[in-house]
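Q: Here's a sequence, model it:
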Amino acid sequence: MERAYTLELVPAGKARIRWSAGTVVEVPLVPLPDPLWDWQVRTRIGNLNFFLTGGGEHDFAVHTGYMATLGAPDAFPLSAAAKGIGLLPEGDLRPLTEEIEALVARALAQGEKENREERLRYLLRLYTEVPLDRRVLTTIELYGKGTWRNVLRDPRCTVLFSSYRGTSYAVDGVVEIHPPGDPVYRYVVALHDLFHPPRGGRREFPAVYRIWVAGVWDKTPGPRAGERLA
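A: This next block holds a predicted model:
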C-alpha cells in the first residue's frame with residue numbers, strides 16, 4: 001500500500017498534507033509545553049535512576065503512549081495501539097547513533113549484563129546533557145499492521161499518556177515516516193536496542209515515526225481536564 005498523500009513541513013511551523021484526491025490541509029505545529037515536557041524529562045531520569053539503583057520514584061507512563069489513528073471510512077475507522085514513545089535530540093543524529101550502536105555491539109558480543117550500567121548511564125546522559133527537540137515525539141512501527149495502514153492513509157494522530165499517578169496528557173500530531181536506512185530510523189532503532197539488545201539478530205521494522213506536535217491537551221482528572229495547553 002502506498003501513501004495516499006504527500007507531507008510538506010513548512011519552515012513557518014506548519015505541516016501541509018496534500019492528498020492525491022486534491023484535498024489540502026495545513027496543520028500549525030507547536031512545541032511541547034512546559035508541564036508535559038518537564039514531566040517527560042524528569043520522569044524518564046527518575047526511571048533510569050530506578051533501574052540503576054533499585055530505588056526512587058518511577059513511572060513508565062512517560063514511555064507508553066496510546067496512539068490513535070484514522071483509517072478507511074468504514075464502520076470503525078479508528079484504531080488505537082500502545083506504543084513505546086521516545087524523544088529526539090536536536091541536530092545531527094549520526095554521532096550519537098554511532099556511539100549507541102557501539103554500546104549495543106558490545107552488549108551483544110560480551111553479554112548484555114556486562115555493560116548494562118554503562119548503557120543505562122548513557123541513556124541518562126541523553127536526558128541530562130543532550131539538547132532535545134521539543135517539537136517532536138517518536139516511535140517505531142513494529143508490526144506494519146493497523147497503525148501502519150492508517151498512517152499511510154492519513155498522517156494525523158493523537159497520542160495519549162496516562163499515568164496511574166493521575167497525570168495525563170493528549171498530544172495531537174502529524175506523522176512523518178522514516179524508512180530503514182534513514183538517519184532518524186537508524187537512531188531510534190539503535191536507542192531501542194540500547195535498552196533491549198536484540199537476541200538472534202535485529203529484524204528490520206517497516207518504519208520509524210517522527211510525530212510533529214500540533215496540539216497538547218491536559219487530560220489529568222480535575223478542574224483543568226480538557227484544557228488545551230498548546
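
Q: What is the neighbour count of Gln40?
A: Using other C-beta atoms under 10 Å, Gln40 has 23 other residues around it. (Glycine included, C-beta is placed from N, CA and C.)

Q: Doesn't it belong to a helix?
A: Yes - counting by DSSP: H, G, I helix; E, B strand; the rest coil, Gln40 is located in a helix.

Q: what helix or strand is Glu117 on?
A: Secondary structure from DSSP states H and E places Glu117 in helix 116-128.

Q: Tell me which residues are up against the helix or strand following that helix.
A: Per DSSP H and E, helix 116-128 leads on to strand 136-141 as the next helix or strand towards the C-terminus. The contact list for strand 136-141 (C-beta atoms under 8 Å, 6 or more residues apart in numbering) reads 65, 67, 83-88, 147-148, 151, 159, 171, 173, 184, 188-189, 192, 205-213.

Q: Next, name the residue at the spatial heart of this structure.
A: The centroid of the chain falls nearest to Thr138 when counting by C-alpha atoms, centre = their mean (2.2 Å).

Q: what are the ranges of the strands in this structure?
A: Secondary structure of the chain (DSSP state E): strands at 5-10, 14-19, 24-28, 64-70, 78-84, 136-141, 156-162, 168-178, 207-218.

Q: which neighbours does the first one have in its sheet, and in what orientation?
A: The strands that strand 5-10 pairs with in its sheet are strand 14-19 (antiparallel) (by DSSP bridges).

Q: Pull up the gap between Leu32 and Gly226, please.
A: Per C-beta to C-beta, to the nearest Å, Leu32 is found 18 Å from Gly226.

Q: quick one: which of those two has more around it?
A: Taking neighbours as other C-beta under 10 Å, Leu32 and Gly226 compare with Leu32 leading, 24 against 10.

Q: Can you name every helix or strand that the helix holding Glu117 contacts?
A: Helix 116-128 sits against helix 34-53, helix 94-110, helix 183-195, with contacts defined as 3 or more C-beta pairs under 8 Å, 6 or more residues apart in numbering; DSSP states H and E.

Q: For Leu7, which of these is the nearest?
A: helix 183-195 (13.9 Å; C-beta to C-beta).

Q: List the buried residues for the closest one?
A: Buried residues in helix 183-195, counted by 16 or more other C-beta atoms under 10 Å: 184-195.

Q: quick one on the thing from earlier: dump the strands of the chain to JSON lines, plus distance to Tyr122.
A: What follows is the strands of the chain, written out as JSON lines (distance: least, C-beta to C-beta, whole Å):
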{"stretch": "strand 5-10", "distance to Tyr122": "30"}
{"stretch": "strand 14-19", "distance to Tyr122": "32"}
{"stretch": "strand 24-28", "distance to Tyr122": "35"}
{"stretch": "strand 64-70", "distance to Tyr122": "22"}
{"stretch": "strand 78-84", "distance to Tyr122": "18"}
{"stretch": "strand 136-141", "distance to Tyr122": "18"}
{"stretch": "strand 156-162", "distance to Tyr122": "24"}
{"stretch": "strand 168-178", "distance to Tyr122": "22"}
{"stretch": "strand 207-218", "distance to Tyr122": "20"}
